[in-house]
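Enquirer: only the shape, not the letters, is given here:
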């Protein structure tokens with residue numbers, strides 16, 4: 001009988017003091033079960049990943065990320081800058097200062113800069129650095145591997161991942177190292193844990209033998225179109241109008257949908273992604289409306305009824321048809 005494991009991976013945290021995502025994850029799972037009651041029987045285990053902030057976690061490199069972002073944000077915020085004006089900190093002069101003719105635009109721009117960019121996009125910038133990539137992967141991969149550990153002796157394990165924002169990219173990297181990378185995965189040199197390195201190598205072997213497969217990959221607010229530019233060979237390939245290959249993350253071109261892409265056109269940090277991977281029958285893409293402001297359009301996927309219904313339906317279909 002197939003073991004089905006669902007893992008939820010959050011993305012950027014655009015709050016000054018992020019709190020645990022467990023209640024958010026649990027509410028999402030319960031809402032899916034309400035839509036598809038069979039999930040409660042088909043899924044062997046569902047688990048939650050947290051990274052990038054403390055919230056009671058053990059001290060790690062990535063747990064200081066949110067605090068560093070909050071400090072930077074407060075320091076360079078215009079209100080703080082204006083309090084320290086002087087000969088070397090000159091504000092715009094004039095009777096009305098830097099007057100903006102569009103009512104309400106400046107407060108919106110400031111909020112976007114403070115929440116989505118300084119507290120959100122900064123997470124992605126951290127991940128593009130060698131040290132940040134190591135820190136985030138060590139945290140996220142370790143939690144997924146811990147959930148897989150009880151199923152080492154099973155010959156048929158189906159991994160379903162639901163990722164949001166930067167969590168989509170980290171999940172994509174996790175799968176690529178298992179299913180697609182021809183040389184030794186970077187994580188085997190990055191991880192400080194011998195147990196995690198052994199586990200990753202073990203599941204990589206399982207992936208290649210067919211004993212581990214991708215049951216479903218759900219990506220909400222995908223940032224893969226940005227992260228596709230991390231490697232020069234991808235830049236070269238895309239510059240020639242090339243497309244990417246979903247099989248490198250275990251998504252095969254088949255009649256069954258394995259990858260669900262959910263995006264909101266008002267989300268400035270989330271993108272449609274299917275077209276980058278050609279016209280694969282294994283990828284379904286759905287435009288959703290999770291919020292009408294750029295911030296809400298990026299942060300409210302987890303509570304959106306259409307997102308919940310689409311995710312639940314695909315998880316139930318794949319788990320049932322794969323021998324749940």
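Expert: Arrived safely, thanks for sending. For clarity, every value in this text was computed on a predicted model and none was experimentally measured. Numbering: from 1, shown residues only.

Enquirer: next SSE downstream of the helix-or-strand element of the chain with minimal mean pLDDT?
Expert: Least confident helix or strand of the chain, by mean pLDDT, DSSP states H and E, is helix 105-111 with a mean of 74. Counting by DSSP states H and E, the next helix or strand C-terminal to helix 105-111 is helix 122-128.

Enquirer: low-confidence ranges in the protein?
Expert: Applying pLDDT under 70 to the chain flags residues 15-16, 18-19, 54-58, 94-104, 119, 253, 324.

Enquirer: now do the strands in it.
Expert: Applying DSSP state E to the chain gives strands spanning 3-9, 45-49, 157-164, 212-220, 259-263, 283-287.

Enquirer: would a markdown table of these with distance to residue 25 and mean neighbour count be doable?
Expert: For glycine as for every other residue, the C-beta is placed from the backbone atoms N, C-alpha and C. Output for the strands of the chain, formatted as a markdown table (distance: least, Cβ to Cβ, whole Å; neighbours: other Cβ atoms under 10 Å):
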| stretch | distance to residue 25 | mean neighbour count |
| --- | --- | --- |
| strand 3-9 | 5 | 24 |
| strand 45-49 | 4 | 19 |
| strand 157-164 | 9 | 25 |
| strand 212-220 | 13 | 25 |
| strand 259-263 | 16 | 24 |
| strand 283-287 | 21 | 16 |
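
Enquirer: let's have the ones you listed in JSON lines, adding distance to residue 151.
Expert: Shown next, in JSON lines, are these (distance: least, Cβ to Cβ, whole Å):
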{"stretch": "strand 3-9", "distance to residue 151": "5"}
{"stretch": "strand 45-49", "distance to residue 151": "9"}
{"stretch": "strand 157-164", "distance to residue 151": "5"}
{"stretch": "strand 212-220", "distance to residue 151": "9"}
{"stretch": "strand 259-263", "distance to residue 151": "22"}
{"stretch": "strand 283-287", "distance to residue 151": "27"}
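
Enquirer: verify the contact between residue 309 and residue 35 for me.
Expert: Yes. Between residue 309 and residue 35 there is a contact at 5.4 Å, judged by Cβ atoms under 8 Å.

Enquirer: now residue 28: closest residue in space that isn't a chain neighbour?
Expert: Nearest residue to residue 28, sequence neighbours excluded (Cβ to Cβ, 6 or more residues apart in numbering): residue 302, at 5.0 Å.

Enquirer: what sits against the one you found?
Expert: Going by Cβ atoms under 8 Å, 6 or more residues apart in numbering, residue 302 touches 24, 25, 27, 28, 164, 220.

Enquirer: identify the contacts common to residue 309 and residue 35.
Expert: By Cβ under 8 Å, 6+ apart, no residue touches both residue 309 and residue 35.

Enquirer: re earlier: between the contacts of residue 302, which sits nearest residue 9?
Expert: Nearest to residue 9, judged by Cβ to Cβ, of the contacts of residue 302 is residue 164 at 7.2 Å.

Enquirer: so how far is residue 74 from that closest one?
Expert: Going from residue 164 to residue 74 by Cβ to Cβ, to the nearest Å gives 26 Å.
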